[in-house]
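Asker: just to be clear, the model below is a prediction. Sequence and coordinates:
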Amino acid sequence: MEQQINIIGGRSLPRRISFISEKYVAEAICKKTGEITTTVRILPTYLTALLRKSSFPIPKILQLIAFAFGLMSTKTKVLATGYFAVMLFVGMRLEKFSTRIQTIDTSNLDKHDAQKLAIFSFALIVIDLVFLIAAFIFIRKLASWHGAEHMAFAAYEHGHLEIEDIAKENQVSPKCGGRLFLPLILVAAISIYIAKHINVSSLLISPIFYELILWVDKRTGFDKIPPFKQASILLQHHLTTRRPGVIEIKTAQAALLTLLDAHRGTIATPFMSDT
């Protein structure tokens, strides 16, 4: 078999699977009719430089954000920036309101104020529930595509890319980004705890811990630390992945084959990724 290329990551959404190398990002899209189309983009120059010069004195969290934005189209970048700004604003406001609520002496509230406080608290609970339900539905919707992405990558590592070979692989991967789930939960809890004791927003503290997590993952790998590895496996097995059907496997195969063809130079010249 020909020398394998360095595939640095994958990305899956409902009916979309992508694979990324140090030079290209190849994406396969499965239409509702079952037709599968593929595209290849050349990574932006700054991303290629970041990937090849990992020693750049740039915080890893900023490198991760730059990498994520580099894979987006211009339209998606605008939407993502707006979404992030709104979520940041809402998060800061909710944190401020929560702090105020915790300092209220409820024993001195009159009936009207107590009712308003109860309504506000109930509204926060409803918002949290709606967000969790929406997130659960979305995750389950893409689970089979996520599983197909893992299986295609595993088959490629084992030197095979036939449909039958991909179907034999495990949809759970120790290298999945889910390995960061438990560390992120712990960091969020620690950030909130520290923020309350020093009277500083947790949004200012948490990036420091996120950077530490990314540093540990780069040096050691949470997939090699038993508690975090097991948490990732359980998360994937019960929530974020499931066994894909033939169409999901074909989509993952198409994305990976397209990436390989781009490196062989056997397809039309890929277009530049818009930045």
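Answerer: Right, received. Where do you want to start?
Asker: all helices in the stretch 51-200 of the chain, in order from the N-terminus.
Answerer: Using DSSP state H, counting those that start in this stretch, the helices of the stretch 51-200 of the chain run over 60-70, 74-103, 111-157, 163-167, 181-198.
Asker: what's the per-residue pLDDT of the residue positioned nearest the centre of the chain here?
Answerer: The centre of the chain sits closest to G177, judged by CA atoms, centre = their mean, with a distance of 6.6 Å. We note a pLDDT of 86 for G177 in this prediction.
Asker: how close does it sit to F138?
Answerer: Here G177 is placed at a distance of 15 Å from F138 (CB to CB, to the nearest Å). (C-beta placed from N, C-alpha, C; glycine too.)
Asker: same thing with K60?
Answerer: 27 Å.
Asker: with T220 instead?
Answerer: T220 is 31 Å from F138, by CB to CB.
Asker: one step back: in a markdown table, list the helices of the stretch 51-200 of the chain along with mean pLDDT.
Answerer: Formatted as a markdown table, the helices of the stretch 51-200 of the chain follow (pLDDT from 0 to 100):
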| stretch | mean pLDDT |
| --- | --- |
| helix 60-70 | 72 |
| helix 74-103 | 70 |
| helix 111-157 | 86 |
| helix 163-167 | 94 |
| helix 181-198 | 85 |
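Asker: so which of those helices comes closest to E27?
Answerer: Distance to E27, taken as CB to CB, is lowest for helix 111-157 among the helices of the stretch 51-200 of the chain, at 11.3 Å.
Asker: neighbour-wise, which of K60 and F138 wins?
Answerer: When K60 and F138 are compared for neighbours, K60 comes out ahead with 17 against 12, by other CB atoms under 10 Å.
Asker: thought that one was touching V216?
Answerer: No: judged on CB atoms under 8 Å, K60 makes no contact with V216 at a distance of 10.3 Å.
Asker: circling back to that earlier point, and the helices of the stretch 51-200 of the chain: which comes nearest P207?
Answerer: helix 60-70 (6.0 Å).
Asker: by contact count, what packs against the closest one?
Answerer: helix 45-52, helix 202-219 (3 or more CB pairs under 8 Å, 6 or more residues apart in numbering; DSSP states H and E).
Asker: tell me how far the residue nearest to P59 when sequence neighbours are not counted lies from K229.
Answerer: Closest residue to P59 in three dimensions, ignoring its sequence neighbours and counting by CB to CB, 6 or more residues apart in numbering: E211, at 5.5 Å. From E211 across to K229, the span is 22 Å (CB to CB).
Asker: which residues does A155 contact?
Answerer: Listed by CB atoms under 8 Å, 6 or more residues apart in numbering, the contact set of A155 reads L161, E162, D165, I166, K168, E169.
Asker: can you put these in a markdown table and add neighbour count and distance to I20?
Answerer: Formatted as a markdown table, the contacts of A155 follow (neighbours: other CB atoms under 10 Å; distance: CB to CB, whole Å):
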| residue | neighbour count | distance to I20 |
| --- | --- | --- |
| L161 | 16 | 17 |
| E162 | 10 | 22 |
| D165 | 18 | 22 |
| I166 | 26 | 18 |
| K168 | 12 | 24 |
| E169 | 21 | 19 |
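Asker: any idea which of these is closest to I185?
Answerer: Closest to I185, out of all of the contacts of A155 and judged by CB to CB, is E169, at 28.2 Å.
Asker: show me what contacts the closest one?
Answerer: H150, M151, A152, A154, A155, H158.
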